[in-house]
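Engineer: Sharing a sequence plus its predicted fold:
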Amino acid sequence: MKWAIAVSFALFCISLAASASTVTFATFLGGSDIDTTIAVATDLDGNTIVVGDTVSISILGLSRPTTAFSDTYVVKLNRNGVVVFRKFLGGSGSEIARAVTTDSSGNIYVAGVTSSFDFPLKNPFRSTLNTGGDLYLVKMTGSGEVIYSTFFGGTGVEQVGGVAADASGNAYVTGYTNSADLPLVREAQRFPPGSSAAAFLFKINSNGSALGYSTYLGGALQDLTTGVKVDRQGNAYVAGTTRSLNFPTTANAFQRNRRGDADAFVTKYDSSGAVVFSTLIGGQEQDAVTALDVKDGGIYVAGVTSSSDFPTRLPLIATRGAAPLSALAAKFTTEGTLVFSTYLNSGGSAQTQAVGIGVNGQGEAAVLLGATANDLPTKNAVQPSLAGQSDAYIVQLNTAGSERVFATYFGGGAIDVPTAMSVDAAGRITFCGNTSGTLLTKNAALAFYQGGLGDGFVTRIQLEKTKSRVVRH
């Protein structure tokens, strides 16, 4: 009998099969006028933080404190979509939010640009606004109390590409500028001669009082960053696109020279701000990275390309297809070796562009695209087909980038434009965007379109691995 029981146990094993997907929450964010949702982050407790801009007089029952053209709004939702807090950031000018992140303590970091001389500052690194406007950086607790709020910039114009934070509460902000006089500390590079827009990266300490380092990145033309991430060792990674023939690359680069009109790039800095590696990736036309994530030894990028010869490796989709533009996704090791690279399209004439990427605890990358055609493949979908003129489309790849684990549309009967994505270790996919009409809502803070010329939205999809029993004969 004992032997028989042992054999019966050996006959069966449990394996993880395809993912089941459910919408946890989906809500509008907006008021009676123009509202845009720009960026989203998820903290370690599964809370969602969304930032955007509004000219509406109120959002979620909170009135704007100014009558300026636009203010930044910050909304925190718990893991079930219930509002934790909402607040505005702004002065008498205009504010445009560009990025948000959280740290391991639940603190929130918001970065954007402002033209307000009276933007509310607290413990600022810099308290004076330049004439052309500057970027702003605000750090707040998980309950929304501001820790510091500061300007940063030069005499030109700055744009924000991303914000990140490490476990010590240091913040990292990247973007691009035509200012040749940014404050520099332990810089890896000065302003590139002849540049019309140079990338930059700065690290600021946990109370916002001092720079750890601040540097330019780029060549003689234009260099734009669209994301920054930091790993557990304090290494910072930036990504974007360059038109500069002399963009600085390192000897260990995957690609050292620009091949087309514009190529994508990835650059890694150590904790002191020294360049570890810098590489290009691109074909003979135009290529851009629009989103970046770093998880457990991997650098994941997503973007768009018009190149029919974009360098692929072990691709899910090997060609650009008939469309003039295709989304792309790629993974590098943190030492700069290309692991996989693929196009993401249907092969048809409708173009695709990626706007977000995030990686779960198993190393599976989810990519957020804008979709205008009904020919993209779906799998375990919450919405199997295009619902309006344009929808969000999410595809999650396996760890090798060679198969789809999950793929779905999400949208309503009008125009829906996704803007950003966050994926946590538990596999929760949270994404945001903007809409001109009806959408599926669930556990919503705002269940209906609020009117005006557009509202934001934020949605969370939970993927769970289903268990299947395998019998060995």
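Structural biologist: Happy to help now that I have it.

Engineer: all helices for the stretch 101-250 of the chain, in order.
Structural biologist: In order along the chain, the stretch 101-250 of the chain carries no helices (DSSP state H, counting those that start in this stretch).

Engineer: Show me the shaky parts of it.
Structural biologist: Along the stretch 101-250 of the chain, the model assigns pLDDT under 70 to no residue.

Engineer: Relative to the whole chain's centre, how far out is stretch 448-459?
Structural biologist: On the basis of C-alpha atoms, centre = their mean, to the nearest Å, stretch 448-459 is displaced by 21 Å from the centre of the chain it belongs to.

Engineer: First-to-last residue distance for that stretch?
Structural biologist: With C-alpha to C-alpha, to the nearest Å as the measure, stretch 448-459 spans 14 Å from end to end.

Engineer: what's in contact with that stretch?
Structural biologist: 23, 25-37, 40, 48, 50, 52, 56, 75, 77, 392, 410, 416, 430-439, 441, 446 (C-beta atoms under 8 Å, 6 or more residues apart in numbering). Heads up, the C-betas are built off the backbone N, CA and C, glycines and all.

Engineer: Let's see that with 7 Å instead.
Structural biologist: If you take C-beta atoms under 7 Å, 6 or more residues apart in numbering as the criterion, stretch 448-459 is touched by 23, 26-37, 40, 48, 50, 52, 56, 410, 430-439.

Engineer: Show the buried residues in the residues you listed.
Structural biologist: The neighbour count (16 or more other C-beta atoms under 10 Å) marks 23, 26-31, 33-37, 40, 48, 50, 52, 56, 410, 430-439 as buried among the contacts of stretch 448-459.

Engineer: got a list of contacts for stretch 94-110?
Structural biologist: Contacts for stretch 94-110 (C-beta under 7 Å, 6+ apart): 38-41, 43-45, 49, 51-53, 68-72, 74, 89, 111-116, 137-142, 147, 160, 162-165, 167, 169, 171.

Engineer: and it, how far apart are its ends?
Structural biologist: So stretch 94-110: terminal residues 15 Å apart, C-alpha to C-alpha.

Engineer: got it, and stretch 122-135?
Structural biologist: 15 Å.

Engineer: try stretch 81-92
Structural biologist: 31 Å.

Engineer: And the closest residue to residue 336 other than its chain neighbours, how far from residue 221?
Structural biologist: Counting by C-beta to C-beta, 6 or more residues apart in numbering, residue 336 lies nearest to residue 277, which is 4.2 Å off, once chain neighbours are set aside. Distance of residue 277 to residue 221, computed by C-beta to C-beta, to the nearest Å: 22 Å.

Engineer: And the strands in the stretch 201-350 of the chain?
Structural biologist: In the stretch 201-350 of the chain, the segments counted as strands under DSSP state E, counting those that start in this stretch are 211-217, 223-230, 236-242, 263-269, 275-281, 287-295, 298-305, 326-333, 338-344.

Engineer: Residue 80 - how many residues pack around it?
Structural biologist: Residue 80 has 11 neighbouring residues, counting by other C-beta atoms under 10 Å.

Engineer: wait, it sits on residue 25?
Structural biologist: Yes. Contact criterion C-beta atoms under 7 Å: residue 80 and residue 25 qualify, at 6.3 Å.

Engineer: overlap in contacts of these two?
Structural biologist: Counting by C-beta under 7 Å, 6+ apart, the residues touching both residue 80 and residue 25 are residue 443.

Engineer: Any idea how many residues pack against the residue nearest to residue 336?
Structural biologist: 20.

Engineer: Okay, and the beta partners of it?
Structural biologist: Residue 277 forms beta bridges with residue 268, as assigned by DSSP bridges.

Engineer: oh, and call the first residue 43 from now on, that's how I've got it
Structural biologist: Okay, residue one is now 43; in that scheme the one you just asked about reads as residue 319.

Engineer: Which residues are in contact with it?
Structural biologist: 292, 294-295, 310, 378.

Engineer: And residue 148, how far from residue 500?
Structural biologist: Residue 148 is 18 Å from residue 500, by C-beta to C-beta.

Engineer: Mind checking which of these two has more residues around it?
Structural biologist: More neighbours surround residue 500 than the other of residue 148 and residue 500, with 26 against 15 (other C-beta under 10 Å).

Engineer: That one sits in which helix or strand?
Structural biologist: Taking DSSP states H and E as the definition, residue 500 sits inside strand 497-513.

Engineer: Redo the contacts of residue 319 as a markdown table? Include neighbour count and distance to residue 243.
Structural biologist: Shown next, in a markdown table, are these (neighbours: other C-beta atoms under 10 Å; distance: C-beta to C-beta, whole Å):
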| residue | neighbour count | distance to residue 243 |
| --- | --- | --- |
| 292 | 14 | 16 |
| 294 | 13 | 20 |
| 295 | 18 | 18 |
| 310 | 23 | 11 |
| 378 | 18 | 17 |
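
Engineer: Hmm, residue 89 is touching residue 120, no?
Structural biologist: Yes. Counting by C-beta under 7 Å, residue 89 does reach residue 120; the two are 5.4 Å apart.

Engineer: Overlap in contacts, those two.
Structural biologist: Common neighbours of residue 89 and residue 120 (C-beta under 7 Å, 6+ apart) are residue 126.

Engineer: and the two? which has more neighbours close in?
Structural biologist: residue 89 (20 against 13).

Engineer: Got phi/psi on the more buried one?
Structural biologist: phi -70, psi 150 (degrees, to the nearest 10).

Engineer: ok, it - contacts?
Structural biologist: Contacts of residue 89 by C-beta under 7 Å, 6+ apart are 118-121, 126.

Engineer: which of these tops the neighbour count?
Structural biologist: When the contacts of residue 89 are compared by neighbour count (other C-beta under 10 Å), residue 119 ends up highest, at 25 neighbours.

Engineer: how near is that residue to residue 110?
Structural biologist: Taken as C-beta to C-beta, the span from residue 119 to residue 110 is 25 Å.

Engineer: Ok, residue 129 next?
Structural biologist: On the measure of C-beta to C-beta, residue 129 and residue 110 end up 15 Å apart.

Engineer: cool, and residue 473?
Structural biologist: 28 Å.

Engineer: Check which residues of stretch 316-327 are buried.
Structural biologist: Result for stretch 316-327 [16+ other C-beta under 10 Å]: buried residues 317-325, 327.

Engineer: What of stretch 344-359?
Structural biologist: Neighbour counts using 16+ other C-beta under 10 Å place 344-349, 352-354, 357-359 of stretch 344-359 among the buried residues.

Engineer: Hmm, residue 83 is touching residue 92, no?
Structural biologist: No. Residue 83 is beyond contact range of residue 92, at 8.2 Å (criterion: C-beta under 7 Å).
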